[in-house]
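# Build me a model:
(one chain, ligands or ions: 1)
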Amino acid sequence: MKYVDEYRGEAEAKRFLELLRRKVTRPWTLMEICGGQTHTFMKFGLDRMLPEQVTLVHGPGCPVCVTPVEMIDRAVAIARRPEVIFTSFGDMLRVPGTGDDLLRVKASGGDVRVVYSPLDAVELARKHPDRQVVFFAVGFETTAPANAMAVRVAKLSGVANFSVLCSHVLVPPAMEAILSAPGNVVQGFLAAGHVCTVMGFEEYEPIAEKYRIPIVVTGFEPLDLLEGVYRVVVALEEGRHGVENQYARTVQREGNRHAIETVHEVFEVGDRAWRGVGFIPASGYKLRPAYAAFDAVTRFDVESVRADENAECIAGLILQGRKKPPECSAFGTRCTPDHPLGAPMVSTEGACSAYFSYARARS
Ligand code: SF4
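You can find the predicted model right below:
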């Protein structure tokens with residue numbers, strides 16, 4: 001299979017592992033930011049192939065996992081309204097709120113629909129002018145361009161019965177929050193290649209400089225990740241910091257200017273709460289005043305909906321690399337993919353679901 005097999009070759013993987021074994025002289029703790037990377041590590045057993053001096057911890061890069069519980073409660077409150085068609089990517093439907101989740105709202109008669117693009121939601125609004133169509137706009141910098149485009153298209157084409165429940169988050173402020181937290185253990189990052197495909201990696205350079213840390217922009221296939229780990233370890237062993245680009249087949253330093261311009265036309269940076277992590281200043285996108293009419297929070301007056309997180313779920317510690325999923329007392333017992341207590345067990349990018357699925361398959 002062209003363009004996949006090239007990044008899964010066993011001989012090349014062994015070569016990187018051997019180079020890594022020769023280079024590493026002492027313990028290092030690395031964080032892969034993206035949940036997709038976590039799943040590749042677990043699925044291919046790469047975590048067990050690394051030298052014992054290299055510890056991987058898992059980062060906050062799972063959009064479903066970091067969406068605050070109060071946003072789920074707001075989504076549920078909006079989706080219950082009879083005039084609303086609530087649209088979302090499928091992963092969000094099973095994420096627990098404090099009471100219901102969106103799937104239960106659907107089961108009890110709410111018009112909740114899975115879409116594959118926010119533009120599909122705009123199209124639904126066009127077809128149903130007598131209804132209100134809301135799209136749950138979650139995610140990192142990767143989903144922001146399409147969501148911005150949907151809002152822009154709705155405005156330009158006069159689709160006034162469309163709005164977005166916006167819960168966008170940004171990677172660089174989360175990295176800084178992790179690095180500046182007391183007791184931080186992360187010494188190097190594998191940055192998420194798809195985020196950098198959109199945004200480039202200029203934003204990471206001041207972080208690498210300030211915290212004197214190596215950051216390697218890395219893809220998602222096994223060889224991408226092994227090379228990423230190798231490059232971070234080489235930099236650490238040689239006392240170097242800075243940003244390197246392992247994913248050069250896709251990522252350019254300045255990113256995708258067209259996508260960035262679309263995002264910046266519709267969104268501006270705002271403060272954001274992260275599920276399990278808490279409030280991080282300037283860590284998300286909100287609609288600019290010119291597009292404020294498309295904000296579902298004000299349209300449906302759900303700003304007052306506030307919620308506390310499930311005290312038993314330690315998702316925040318996992319998303320900051322402080323604990324691993326099996327260290328949660330509910331892991332695999334009270335919390336499973338069929339009966340999740342927290343978002344990391346629901347999402348296809350969640351660390352808890354990765355450990356549950358792949359570690360169980362191994363045993
Ligand atoms: S195992 Fe479940 S309860 Fe524990 S941290 Fe993961 S999602 Fe939360």
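
# ok, how many other residues are close to the residue in the stretch 1-150 of the chain that the ligand sits nearest to?
The ligand sits closest to residue 65 of the stretch 1-150 of the chain, with a gap of 8.1 Å, by CB to the nearest ligand atom. For glycine as for every other residue, the C-beta is placed from the backbone atoms N, C-alpha and C. A total of 29 residues lie near residue 65 under the criterion other CB atoms under 10 Å.

# Only C-alpha atoms, please: export stretch 173-185 in PDB.
What follows is stretch 173-185, C-alpha atoms only, in PDB (Å, rounded to 0.1, in the frame of the first residue of the first chain):
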ATOM      1  CA  PRO A 173      -0.700  27.400  25.500                       C
ATOM      2  CA  ALA A 174      -1.300  23.900  26.800                       C
ATOM      3  CA  MET A 175       2.300  23.000  26.300                       C
ATOM      4  CA  GLU A 176       3.300  26.100  28.300                       C
ATOM      5  CA  ALA A 177       0.800  25.200  31.000                       C
ATOM      6  CA  ILE A 178       2.400  21.700  31.300                       C
ATOM      7  CA  LEU A 179       6.000  23.000  31.200                       C
ATOM      8  CA  SER A 180       5.400  25.700  33.800                       C
ATOM      9  CA  ALA A 181       3.400  23.600  36.200                       C
ATOM     10  CA  PRO A 182       5.100  22.600  39.500                       C
ATOM     11  CA  GLY A 183       6.400  19.100  39.300                       C
ATOM     12  CA  ASN A 184       6.500  19.000  35.500                       C
ATOM     13  CA  VAL A 185       8.200  15.800  34.200                       C
END
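
# Pull the contacting residues for residue 295.
The contact partners of residue 295, by CB atoms under 8 Å, 6 or more residues apart in numbering, come to 163-164, 166, 286-287.

# Which of those fall within helices?
Per DSSP state H, helices hold no members of the contacts of residue 295.

# how far away is the residue of the stretch 1-150 of the chain closest to the ligand from residue 94?
Per CB to CB, to the nearest Å, residue 65 is found 12 Å from residue 94.

# and if you look at residue 226?
Distance of residue 226 to residue 94, computed by CB to CB: 32 Å.

# More neighbours: which of the two?
Set residue 226 next to residue 94 and count neighbours by other CB under 10 Å: residue 226 wins out with 26 against 18.

# Among the contacts of residue 295, list the two that are farthest apart in space.
Using CB to CB, these reach their maximum pairwise distance at 163 and 286, which is 13.2 Å.

# Looking at the two, which has the bigger crowd around it?
Taking neighbours as other CB under 10 Å, residue 163 and residue 286 compare with residue 163 leading, 27 against 18.

# Tell me the pLDDT of that one.
For residue 163, the model assigns a pLDDT of 98.

# again with residue 109
As predicted, residue 109 sits at a pLDDT of 97.

# picking up where we left off before, so what sits against both of residue 65 and residue 94?
Both residue 65 and residue 94 lack any common contact, where contact means CB under 8 Å, 6+ apart.

# Point out where the protein drops to low pLDDT.
Per-residue confidence for the chain (pLDDT under 70) gives these ranges: 1-3, 360-363.

# Output the longest strand belonging to it.
strand 278-287 (DSSP state E).

# and residue 333, backbone torsions?
For residue 333, the backbone dihedrals (degrees, to the nearest 10) come out as phi -120, psi -80.

# how far away is it from residue 322?
Separation of residue 333 from residue 322 (CB to CB): 21 Å.

# quick one, which of the two is more surrounded?
More crowded of residue 333 and residue 322, by other CB under 10 Å: residue 322, with 17 against 9.

# which SS class is the more buried one?
coil (DSSP: H, G, I helix; E, B strand; the rest coil).

# so what's it up against?
57, 183, 185.

# top of those by neighbour count?
residue 57 (20 neighbours).

# Can you tell me the element that residue falls in?
Using DSSP states H and E, the element containing residue 57 is strand 54-61.

# One more: residue 12?
Under the criterion of DSSP H and E, residue 12 resides in helix 10-23.

# Off-centre distance for that helix?
How far helix 10-23 lies from its chain's middle: 29 Å, per CA atoms, centre = their mean, to the nearest Å.

# For residue 166, see how far away the residue of the stretch 1-150 of the chain closest to the ligand is.
To residue 166, residue 65 is 17 Å away according to CB to CB.

# what does residue 23 give?
In terms of CB to CB, residue 23 sits 44 Å off from residue 166.

# try residue 240
39 Å.

# Same question for residue 90.
Going from residue 90 to residue 166 by CB to CB gives 19 Å.

# Please, where are all the strands along this structure?
Ranges of strands within the chain are 28-34, 54-61, 84-88, 112-114, 132-139, 162-169, 188-192, 214-218, 242-245, 267-274, 278-287, based on DSSP E.

# Which other helices and strands does the third one contact?
Same thing as strand 84-88. Strand 84-88 sits against helix 69-79, helix 102-107, strand 112-114, helix 118-127, strand 132-139, with contacts defined as 3 or more CB pairs under 8 Å, 6 or more residues apart in numbering; DSSP states H and E.
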